[in-house]
Each structure stands twice: as C-alpha cells, then as structure tokens.
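> okay, here's the prediction I keep looking at, along with the sequence it came from:
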Amino acid sequence: MDNLTVNESVPGRLCGSTAGPLVLTVAAASYAARGAGARIAYTLTPTPCGLLLLAATNHGVAWLGIHDSASYLEAELRNDLSRAELIDDPGQAGPYASRVVAAMVGDASTVNLPIDIRATAFQLRVWRALCAIPRGATRTYGEIARDLGQPQGSRAVGYANGSNPAAIIIPCHRVIGADGGLTGYRWGVEYKRRLLQHERALAATAAGGPAIDHRGAFRLELLERIEPERNLRKS
C-alpha cells in the first residue's frame, strides 16, 4: 500500500468503485481562498489522456488538472492557488497521483482518496452528481439540473461544473451538451474527448470486450515532454 502521510483530520474523502458511482464527502478545507495558509505539494505524471498535475496538502488532494504542457498546468495551479506555498514535491504528492492513474487505467477497482477542497453547498451538490455518473456514461447539464430539483438551472450546473478543482476524480468531463456535443471543459474539448473515449474503452473491456493497452508508449511520449520543460525552467 502507498505510504501516504495524511493528517487525521481529513476535510473530505472520495471513495467507491472506479467504475462508479463514487461518493464524495467534503467538510471544510484546511486553507482559505486561493490556498491561503497552506503548504501544497504537487507532481506531474503521465496518463493515457495527457499529463496529470496533482496537488495536495497534508490533508488530501486539493487540485488536479490535465494537459499536454507541464508549464501550462503549473501556471494554472499557481493562478488558482496563488496564496499557497506551492512546492514541486513528488515524494508527498506522488502516492496520490499513483492512485489516480491506477484508477484511470483500470489497475485499481476502488478509489479511496482524502480530499481537501473548498466548495459551496450548491457546488458540492453538483460535484456529487458528477461522481454518481458511471465510467463510460455521460449526462447533460439539463439532466443534472433536473435531478437536483432545479430544471431551469442548467447554466448554474455548468458554472459549478467548470469550477471543479479536481478534474478526473470529480468527473466533470462526463457532462455534455443537450445535443450530445462535447461543450465546455476547462482543459479543452480535446482532453474531454480523450477521457471519454478512454473510459468507454475501459467500460467495454469490463463488459467482455478486448483489453486495451494503456502502458508503455504514452508514458515515454509524455515523459519526453515533461523533462525538456522542467530543464528549460531550471536554466
């Protein structure tokens, strides 16, 4: 098991089957707005769908983003958590990232992650609805709004969806437009497409279809992107 150093006072947790649904609980974050008062460690790791940047306090996962550019991800992290002390520390954040990748590629059947995020009451309701969407499935903004008892609230659902600080594990990419279009995703529609395509393949495999090969090539390709960017920033 990963050697995770987690404060006993966990502000939240995400748990359940990787195939869904997941159960999200959030109390109060350990930090103030924009990360004020927190020391947050982060790490970059390759996934089948792009580079993952995961950031965590000593209480749990605080931020996730996905993109092909390490520098872009770091800039977004620094913008979102501009008042935190941010440290590139794979030793602290890496075990969390390993768990997320294992869930993504189908190497883990369950998820159990401590979560340290800020949320309004409405955001939490929306994010819990996202976590209830099974892997390989999608819902529309309107469907989620109706499920929450706010049939005219699809725009508010979209706003809460877009404010999700923990991409992938809180699966805002599984929400689509009323016409089935891949509308609106903070990290870009291309990443939404990759994630949904990958998850549909995993779901098909679980249902008895051909296995997909998620190892090898994507790790080498994306690691080749990480190192030059890191070296450039150090020079």
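Thanks, I have it.
> would you list every one of the strands in this protein?
12-17, 22-26, 39-47, 50-56, 61-67, 85-88, 110-115, 139-140, 175-176 (DSSP state E).
> closest one to W187 among those?
strand 61-67 (5.2 Å; C-beta to C-beta). Glycine gets a C-beta too; all of them are placed from N, C-alpha and C.
> what's the nearest residue to G50 if we skip its chain neighbours?
Computed as C-beta to C-beta, 6 or more residues apart in numbering, the closest residue to G50 that is not its neighbour in sequence is I66, at 4.6 Å.
> the one you found touches Y185, doesn't it?
No - here I66 does not reach Y185: they are 9.7 Å apart, not a contact under C-beta atoms under 8 Å.
> which residues in this protein form helices?
Using DSSP state H, the helices of the chain run over residues 70-80, 90-105, 121-131, 141-147, 154-162, 189-206, 217-234.
> which stretches of this structure have low pLDDT?
Within the chain, the ranges that satisfy pLDDT under 70 run 1-10, 209-235.
> which residues do I66 and Y185 both contact?
By C-beta atoms under 8 Å, 6 or more residues apart in numbering, I66 and Y185 have these common neighbours: Y191.
> who's more crowded, the two?
Taking neighbours as other C-beta atoms under 10 Å, I66 and Y185 compare with I66 leading, 24 against 20.
> if I look at F122, how far off is Y72?
29 Å (C-beta to C-beta, to the nearest Å).
> correction: T47
Distance from T47 to Y72, by C-beta to C-beta: 15 Å.
> these two: which has the busier surroundings?
Each of T47 and Y72 has its neighbours counted (other C-beta under 10 Å); T47 has more, 21 against 15.
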